[in-house]
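**Student:** One predicted model, sequence on top.
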Amino acid sequence: MNLMYPQIVTGADLLRGIVKLDELAPLLQKRGASSAAIVNSKLYGVRSFSKMLVKYGIRPVIGLSVMLEIEDHEVLLYIYAQDEIGFSNLMKMSSAISTREEENLPLNWLQAYREGCIIICAMTDSSWANARNLHVLQLLMEKVSSSSTFIGISRPGGGAHTDEEAIIQLSKESQLSIAACQETRFLYKEDFQAYEVATAIRKGYKLNDSKKPPNRYRQAYLPEQQELSDWFTDYPEWLQTTENILNSCDVAIQKEDFLLPKFPVVDGKVPIDLLEENCQTGLQQRFQTLSPEYEERLRYELSIIEQMGFTDYFLIVEDYVRYAKTEGILVGPGRGSSAGSLVAFALGITEVDPIKYGLLFERFLNPERVTMPDIDIDFADHRRTEVVNYVADTYGKQYVAQIITFGTLSTKAVARNVARVLDFTPEEVRFMSNELNSGQSFKETIKQSKKLRDWIQVEPRREMWQQAAERLEDLPRNASTHAAGVVLAAKPLVHYVPLQIGSDEVFLTQWAMKDVEEVGLLKMDFLGLRNLTLLDRIRAMIQYNKKQVIDFEQIPLTDQATYKLFKAGDTTGIFQFESPGMRRALRTIQPDNFKDIYSVNALYRPGPMEFIPLYSRRKNGQEPTVYDIPELEPILAETYGIIIYQEQIMKIAVNIAGFTMAEADLLRRAISKKNQQVLEEERQHFIAGARKKGFDQVKANNVYNLIVKFADYGFPKSHAVAYSLISYRLAFFKANEPTYFYAAFLSSLTGSKDKMMEVIREMKAKGIPILPPSVTKSRYSHTVEGHAIRLGLGAIKGVNFAFYQQLATAREKGSWSSMFDMALSLGADHFTEKAIIPLIKAGALDDFNERRSVLLASIDAAQSHALFIGDDALSDQFQFNSQPKYTPGGTMDQMTMLGFEHDTLGFYLSEHPVEQLKRNASSQIPAIASLFSLRQGTKVDCMGIILSIRRIRTKKGEAMAFLTLQDETEEISCTVFPKQYAQISVQLKEEAFVQISGSIDFRNQSVQLIVEQLLPLSFSGE
């Protein structure tokens, strides 16, 4: 009898099992197992399971654990796919279960999906406790074939179930054979503790909870062959039945051909004719007359698209992009290699003219490298869902799904989750979190940290934490929706991939992206881009205030104010250009045309950034541009002799070695893989082609070496151009409409306190006024008033959109001259302390010209006024006779007022407290430096608030600290070395105001303050 394992629940089943495939398959091979079956609660992980077992020479069997709804019972079945029809039905079953609220399978549905399947009734499972009778089995056999139905009996650990004899008798009465069962949820006996921890994480309880449910899977390990034989020694035929069942199952899971969807065309129309017609229309709208170059390129691209079978795909993408634009949903100008397609440009899918920018179609679609086309589309992130729903509604919800993604227990996540169920103290959690290195595996981190090892040995519970975390690390913890991926098929998706309930009424695949692509399904990426939302907000505000309609494609790419901004590195809020290194690159290169912008974009990444100084010197005439051979000049002139783009590599192969563009694309891909044998083969291919074109071998070899050198660095020019358009457009508005830019940008930063403070400091430095939030003037988001920015009410902590809507409606009833008017319009139900206190503290009621202390003291009076007058029929008379008065509120010192602003807005609005401290100290210390003005090598005195403190010990064991200090102009990192730390450590407190004397250093490409003296500061009158 061969060794087989009939019920394995793998780690893919979201902690219902903790079996890892890379451990399972070698163990099965070592033990000589002939077959093994996966029976997860969904079809999660079945393709990986199948491929891994085949790799190790073991027959994989695809099964599913199903809770069957039969009369008033829910009973466990193991259902196996015997053949392709059975596998298709398993997908339908899993989809049906996962899209039902009850997550079970009704008996009638099992009847519909029974073909090609084998069923084992897991009668020793507790779900059968009240259903172990002939009547239930007869109901089942009326719907499914008795020849493919079996009774399952398990003896975990060798112990027989108390009802085993009754089950055997039931087998005789029903004439159903018995199959031996053994569920495996972990590999070894000693793994039970880790499995118990996994269950506690999944169900959300702690292991020391007296009310926790019992865990009935103590023996759910992978038994040896002898153990299985011993457990069923009196009924070896049960094991033989199980082996026969598994041997009868034969489902080959492999990579499938493309399953492309169809675009619905009107009767008599051919898709390629419609595509060509749409392309011609699109190009005529963009150009008055088409040059022969455009006409020839269009014919060529259309022929390749038709030849590769992708006509319908282009029509589908055009359709949902057109929908988005019609609905005012901002669409990106292009992304990735698809920007190299003239067809995409003609259809309005992209906004990049590939001929103008020298982009190559073959970088996108290569007839000699048949892969699925990949047109990724960016949408304004707050409206992306609308486009996904449009596709589902248009093509049918059964044909469209978003792609699932699994969140795994990473190093720190597994440590924290295990610590939680083991009821670690906050101090223990803080210690282990600080010591763990998220860049390494949990096991490797423990191995390298003596401090952690010593800490673990102190207590057995910590040893359990280590063992469980090591076993559970990298297992899937939860399922969510992929940020971009959507699949679309010509037939209902359930024929190809199991589905489950998703969000926004669009189904979700049960398989992740790689598996979905292997099935052959077309994956489309609908990406939500925050920067498009920013552009959309700018456009909407300008249209609302100025009645101007913005067409982003009409923005001139020659605006000098925009290039001035780039040259200065003034790129806060500019997509892709915000990092300190990128700003330095801009200041070095001094871009003065759009070509420079997308060149910098491509250059600023690991590897090619070393050529930024060379690019700058050649661009700015400080050294001549040289070429290895003159024939490279037409290709490399735009980048001053430096290979920056993948398209340049392809053009070199075409011009120098006579390659076709398709061959050149294959060369590019082959070289980038760095396989030495392939590199040498391609070298000979390149040199042979070059020699045919008249180049000698030495020159040809040198050019090939140049290609190899830059192959790693090469960036898709199509992507650089398309994404740089977004950056340029943002910079254009920052340079030409700064108030609208900053108002929209600040709105996008709600909740990001540090970034918001940085932007506000920048605005103040530019002299852009910031008006406080106002209950009479503010909208929910920030808006533009004249040349100033009015803060929105949504920026105030505690003010939600629902309350704002009530406030906006109340404002329409008439103007307010006092808080009492506001209370009356809002009504007592909405004018509550919870809603009004944050508004007062943020200064949003300052328009009523009363001190904030008085306003706070008068909330009850205003509420009573609203309650008294309310909606009474005589309210006009009451209101006329009622003249409510504010309640005296005493005084509120400046620091308290600023503190309230900081608490409610996340930043200081009226002024930074440090400004008052500097004024108070100006007579004693006239030379207080602002943090923004600090320069390397100088001695300074400065003031600020300590935002954060990180205390460490040196290798010698001495204590020191790193501080983050903030004043009204900047934040800066401060270093307190051990000698100074010993003197001032007791004075180091977060949120403390301090005066620091020290020297300025330049480390890690940023200014740092070396602390020599530190004094605590206090406010007068406090």
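**Tutor:** Sure thing, it's come through. Numbering: from 1, shown residues only.

**Student:** And the helices in the stretch 251-400 of the chain, which stretches?
**Tutor:** All helices of the stretch 251-400 of the chain, identified by DSSP state H, counting those that start in this stretch, fall at 271-286, 292-307, 311-326, 342-346, 384-395.

**Student:** For Trp231, which of those is the nearest?
**Tutor:** helix 384-395 (50.1 Å; CB to CB). Every residue, glycine included, has its C-beta placed from N, CA and C.

**Student:** Which positions within stretch 29-36 qualify as buried?
**Tutor:** Neighbour-count burial for stretch 29-36 flags 33-36 (criterion: 16 or more other CB atoms under 10 Å).

**Student:** Count the residues that sit near the nearest residue to Gly159 once chain neighbours are set aside.
**Tutor:** Once flanking residues are discounted, Gly159 sits nearest to Gln219: 7.9 Å by CB to CB, 6 or more residues apart in numbering. Using other CB atoms under 10 Å, Gln219 has 19 other residues around it.

**Student:** Could you do the one 4 residues further on as well?
**Tutor:** By other CB under 10 Å, 21 other residues sit near Pro223.

**Student:** ok, now Lys595?
**Tutor:** 16.

**Student:** My read is that it contacts Ala637, right?
**Tutor:** No: taking CB atoms under 8 Å as the definition, Lys595 is not a contact partner of Ala637, at 10.7 Å.

**Student:** residue boundaries of the helices in the stretch 701-850 of the chain?
**Tutor:** With helices called from DSSP H, counting those that start in this stretch, the stretch 701-850 of the chain shows them at 717-736, 738-748, 753-765, 801-811, 819-826, 833-841.

**Student:** In TSV, list those helices along with mean neighbour count, distance to Leu917 and mean pLDDT.
**Tutor:** Output for the helices of the stretch 701-850 of the chain, formatted as TSV (neighbours: other CB atoms under 10 Å; distance: least, CB to CB, whole Å; pLDDT from 0 to 100):
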stretch	mean neighbour count	distance to Leu917	mean pLDDT
helix 717-736	24	32	97
helix 738-748	24	26	95
helix 753-765	17	17	85
helix 801-811	16	35	94
helix 819-826	24	32	93
helix 833-841	19	22	95
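
**Student:** would CSV of those with distance to Gly607 be doable?
**Tutor:** Below are those laid out as CSV (distance: least, CB to CB, whole Å):
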stretch, distance to Gly607
helix 717-736, 15
helix 738-748, 31
helix 753-765, 29
helix 801-811, 46
helix 819-826, 60
helix 833-841, 49
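
**Student:** and the nearest residue to Leu746 once chain neighbours are set aside, what does it touch?
**Tutor:** Excluding the flanking residues, the one nearest Leu746 by CB to CB, 6+ apart is His782, at 4.9 Å. Applying CB atoms under 8 Å, 6 or more residues apart in numbering, we find His782 in contact with 743-744, 746-747, 789-792, 795.

**Student:** how much space is there between the residue sitting nearest the centre point of the chain and Ser747?
**Tutor:** What sits nearest the mean C-alpha location of the chain, by CA atoms, centre = their mean, is Ala483, with 5.6 Å. Applying CB to CB, to the nearest Å, the value for Ala483 to Ser747 is 22 Å.

**Student:** repeat for Leu110
**Tutor:** Taking CB to CB, one finds Leu110 at 53 Å from Ser747.

**Student:** and the strand or helix carrying Ala401, which strands flank it?
**Tutor:** If you go by DSSP states H and E, Ala401 is part of strand 400-408. Partners of strand 400-408 in the sheet, by DSSP bridges, are strand 476-488 (antiparallel), strand 507-509 (parallel).

**Student:** Please identify the deepest-packed of those strands.
**Tutor:** strand 507-509 (a mean of 25; mean count of other CB atoms under 10 Å).

**Student:** tell me the contacts of Lys255?
**Tutor:** By CB under 8 Å, 6+ apart, the neighbours of Lys255 are 518, 520.

**Student:** Could you measure from it over to Ile85?
**Tutor:** 20 Å.

**Student:** Could you give me the buried positions within the longest strand anywhere in the chain?
**Tutor:** Ranked by residue count under DSSP state E, the longest strand found in the chain is strand 939-953. Under the neighbour-count criterion of 16+ other CB under 10 Å, strand 939-953 has 940-946, 949 buried.

**Student:** List the contacts of the closest residue to Arg59 other than its chain neighbours.
**Tutor:** Nearest in space to Arg59, with sequence neighbours left out and distances taken as CB to CB, 6+ apart, is Ser35 at 3.8 Å. Going by CB under 8 Å, 6+ apart, Ser35 touches 2, 4-5, 58-61, 243, 246-247.

**Student:** so which of those residues comes closest to Gly658?
**Tutor:** Pro60 (48.2 Å).

**Student:** Please name the residues that touch that closest one.
**Tutor:** Each residue near Pro60 by CB under 8 Å, 6+ apart is listed here: 35-38, 49-50, 53-54, 251, 253.

**Student:** Can you tell me which of those residues are buried?
**Tutor:** 35-38, 49-50, 53, 251, 253.

**Student:** Including secondary structure, could those residues go into TSV?
**Tutor:** Listed next are the buried ones among the contacts of Pro60 as TSV, based on DSSP: H, G, I helix; E, B strand; the rest coil:
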residue	secondary structure
Ser35	strand
Ala36	strand
Ala37	strand
Ile38	strand
Phe49	helix
Ser50	helix
Leu53	helix
Val251	coil
Ile253	coil
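
**Student:** with these in mind, which one is nearest to Val516?
**Tutor:** Nearest to Val516, judged by CB to CB, of the buried ones among the contacts of Pro60 is Ile253 at 13.2 Å.

**Student:** Just give the nearest non-adjacent residue to the closest one, would you?
**Tutor:** Ser50 (4.2 Å).

**Student:** Could you report the distance from that neighbour to Glu84?
**Tutor:** Taken as CB to CB, the span from Ser50 to Glu84 is 13 Å.

**Student:** for Arg100, same thing?
**Tutor:** Applying CB to CB to Arg100 and Glu84 gives a distance of 25 Å.

**Student:** now do Pro236
**Tutor:** 32 Å.

**Student:** ok, now Arg461?
**Tutor:** Taken as CB to CB, the span from Arg461 to Glu84 is 50 Å.

**Student:** These two: who's more crowded?
**Tutor:** Remark: of Arg461 and Glu84, Arg461 carries more neighbours, 15 against 12, as counted by other CB under 10 Å.

**Student:** Check what pLDDT the more buried one gets.
**Tutor:** With respect to pLDDT, Arg461 scores 92.

**Student:** Please give me every residue in contact with it.
**Tutor:** Listed by CB under 8 Å, 6+ apart, the contact partners of Arg461 are 422, 424.

**Student:** can I get the CA coordinates of the helix or strand containing it in CSV?
**Tutor:** Following DSSP H and E, one finds Arg461 within helix 460-472. Output of helix 460-472 as CSV, limited to C-alpha atoms (Å, rounded to 0.1, in the frame of the first residue of the first chain):
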residue,chain,number,x,y,z
PRO,A,460,9.4,30.0,28.9
ARG,A,461,6.6,32.1,27.4
ARG,A,462,9.2,34.0,25.4
GLU,A,463,10.6,30.8,24.1
MET,A,464,7.1,29.8,22.9
TRP,A,465,6.9,33.2,21.3
GLN,A,466,10.1,32.6,19.4
GLN,A,467,9.1,29.0,18.3
ALA,A,468,5.6,30.1,17.2
ALA,A,469,6.8,33.2,15.3
GLU,A,470,9.4,31.2,13.4
ARG,A,471,6.7,28.7,12.3
LEU,A,472,4.2,31.3,11.3
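
**Student:** what angle do it and strand 400-408 make?
**Tutor:** Interaxial angle of helix 460-472 relative to strand 400-408 (axes from the mean of the first three to the mean of the last three CA atoms, to 10 degrees): 140 degrees.

**Student:** Could you check how far helix 460-472 is from the centre of its chain?
**Tutor:** Centroid displacement of helix 460-472 relative to its chain, using CA atoms, centre = their mean, to the nearest Å, is 30 Å.
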